[in-house]
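Trainee: coords please:
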Amino acid sequence: MKTPSPSFAPPAATPREFATSTLLALVVFAAITPLLLLVAPAVATQLGGQLGLSASQIGTYFFVELGAFSCATLPSLLWLGRVDARRVARVATAVFCIGNIATALLMPGFVALLVMRTLTALGGGTLMVLCMTSAATSGNRDRVYGLWVVGQLVAGALGLFVLPHLFDAFGLRALYVALAVLALLASPLTRGFDPALGSASGQTARKMERHTNTGHAWLLATLVTAGVLAFYVAIGGVWTFASKAAALAGLDAGRTGELLAVASVMGIVGAACASFIGNRIARAAMLLTGYAILVVALLGLSAHPGGIGYSAAIFGFKFAWTFVLPFILAAAARTDQSGRLIATLNFVIGAGLAVGPLIAGVLLDAGASLSTLFQGAAAICGLSFACLLRVERSGHDASHTSSLSNPHS
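Mentor: This next block holds a predicted model:
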């Protein structure tokens, strides 16, 4: 009676099926598709200088692009498990390439630019859905998600170092051409995705949900969603306008680009530290450590420090961001009984990253200071920590109860 159905068989075989080609595909595409966000400070400066956009228009630009990126999750509920994932990846890659090339060639007015970026971001977001869903099938999710983060950070660090020089020579077109070329070069990797990706998830979810306390599960899902959303709203708003704080600290564009590139390297260090620590130390302690560093860094930025103070604060900010992120995702995954919550977080993350710059831009245009912006972000991070700490403690209690009631599990 309790023999697992065939839908539960893949986890044992998944690590072998999760070949190097699959790992390479999800790491590479997950680094390319959100690259515009990862280099947001450089792009925001160029949008203002080259196109003459105001702070609110820059915020709107990132809101539209990242909003469309996250909304790609919604149609994925229809095709995931029903359409060959490799075919979807090929189509999405083509949309992403064509959209970026068209943007570079036309460089239209603001409204047309937003429309063009919306379509392009839908292609990129679809690829990200494939990446996150593929990572969830791994037998070692911590390692795969760690590589997922590191790949993005390496791309961001290189982008922040190279883009200012490309912008000086070729303008904003350089970014869109680079995105198209990178996606085109990566297109053969679409063969690494599992054609039947997600096909068994629905049946598995239904079986698992029979054993779930629905009310408690909804509470935890709400706390996870609120915590992750708050985290990315704060992060997105601060990172987008980090270059403005650098200007107030007396740093020129070239020096700012170099510091932000180094900050991205600090982000790589943060993610690597988190991967090394893993579950050796209580996750609640690691959440506390990461959020504490993040809040201190934000308060440091709000104090309008000089060049050295800015460097220390932005390094701490980026380190804490990527250090605490794996523990956030691990806390969320621990409470996910159906697999749907992790998939939904792709939308939540994108929504937070889209709303953050929009709110920050509107506040700055309305007369708010950068100090107010950074202090508000610190408060929001505190709220995020409270939500996720509650989730982590609940997951720990549930695990402990399960082990007591079923010692042979």
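Trainee: where in the stretch 251-400 of the chain is pLDDT low?
Mentor: Scanning the stretch 251-400 of the chain for pLDDT under 70 picks out the ranges 336-340, 342-343, 395-400.
Trainee: and the spatially most central residue of the chain, what element?
Mentor: A centroid search over the chain (C-alpha atoms, centre = their mean) returns residue 349, at 5.9 Å, as the residue closest to the centre. Using DSSP states H and E, residue 349 maps to helix 340-365.
Trainee: chain center to that helix: distance?
Mentor: Helix 340-365 sits 10 Å away from the centroid of its parent chain (C-alpha atoms, centre = their mean, to the nearest Å).
Trainee: who does it touch, helix- and strand-wise?
Mentor: helix 55-71, helix 73-79, helix 110-136, helix 214-240, helix 307-334, helix 370-405 (3 or more C-beta pairs under 8 Å, 6 or more residues apart in numbering; DSSP states H and E). Every C-beta, even on glycine, is put in place using the N, C-alpha and C of the backbone.
Trainee: can you pull the phi/psi pair for residue 34?
Mentor: Recorded main-chain torsions at residue 34 are phi -100, psi 20, according to degrees, to the nearest 10.
Trainee: list the contacts of it.
Mentor: Under the criterion of C-beta atoms under 8 Å, 6 or more residues apart in numbering, the contact list for residue 34 reads 69, 124, 128, 152.
Trainee: repeat for residue 148
Mentor: With C-beta under 8 Å, 6+ apart as the criterion, the residues that contact residue 148 are 26-27, 30, 131, 135.
Trainee: may I ask which helix or strand encompasses residue 195?
Mentor: For residue 195, there is no helix or strand it lies in under DSSP H and E.
Trainee: list the buried residues for stretch 108-122?
Mentor: By neighbour count, and taking 16 or more other C-beta atoms under 10 Å as the criterion, the buried residues in stretch 108-122 are 113-114, 116-118, 120-122.
Trainee: right, I mislabeled it, should have said stretch 275-284
Mentor: If you call a residue buried by 16+ other C-beta under 10 Å, then stretch 275-284 has these buried ones: 275, 277, 283-284.
Trainee: got it, and stretch 60-76?
Mentor: Of all the residues in stretch 60-76, those buried under the rule 16+ other C-beta under 10 Å are 60-73, 76.
Trainee: likewise stretch 286-300?
Mentor: Neighbour-count burial for stretch 286-300, with 16+ other C-beta under 10 Å as criterion, is recorded at 286-287, 289-291, 293-295, 297-298, 300.
Trainee: now stretch 381-397
Mentor: 381, 383-385, 387-392, 394-395.
Trainee: follow-up on the earlier one: closest one of the buried residues of stretch 286-300 to residue 334?
Mentor: Proximity of the buried residues of stretch 286-300 to residue 334 was ranked by C-beta to C-beta; the top entry is residue 287 with 12.2 Å.
Trainee: does the closest one sit in a helix, a strand or a coil?
Mentor: helix (DSSP: H, G, I helix; E, B strand; the rest coil).
Trainee: ok, now which ones touch residue 255?
Mentor: So residue 255 contacts 246, 307 (C-beta under 8 Å, 6+ apart).
Trainee: report the buried residues of the helix holding residue 349.
Mentor: Of the residues in helix 340-365, those buried by neighbour count under the rule 16+ other C-beta under 10 Å are 341-361, 363-364.
Trainee: for stretch 78-94, same thing?
Mentor: So for stretch 78-94, counting by 16+ other C-beta under 10 Å, buried means 80-81, 83, 85-86, 88-89, 92-93.
Trainee: now do it: distance to the chain's middle.
Mentor: Distance of stretch 78-94 from the chain centroid (C-alpha atoms, centre = their mean) equals 21 Å.
Trainee: rounded mean pLDDT for it, please.
Mentor: With pLDDT averaged residue by residue, stretch 78-94 scores 91.
Trainee: now what about that stretch, what contacts it?
Mentor: The set of residues that contact stretch 78-94 without belonging to it, under C-beta under 8 Å, 6+ apart, is 25, 29, 123-124, 126-127, 129-130, 133, 183-184, 186-187, 190-191, 193-202.
Trainee: put the buried members of these into a ChimeraX selection.
Mentor: Command for ChimeraX that selects the buried part of these, burial taken from 16+ other C-beta under 10 Å:
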select :25,29,123,124,126,127,129,130,133,183,186,187,190,193,194,197,198,199,200,201
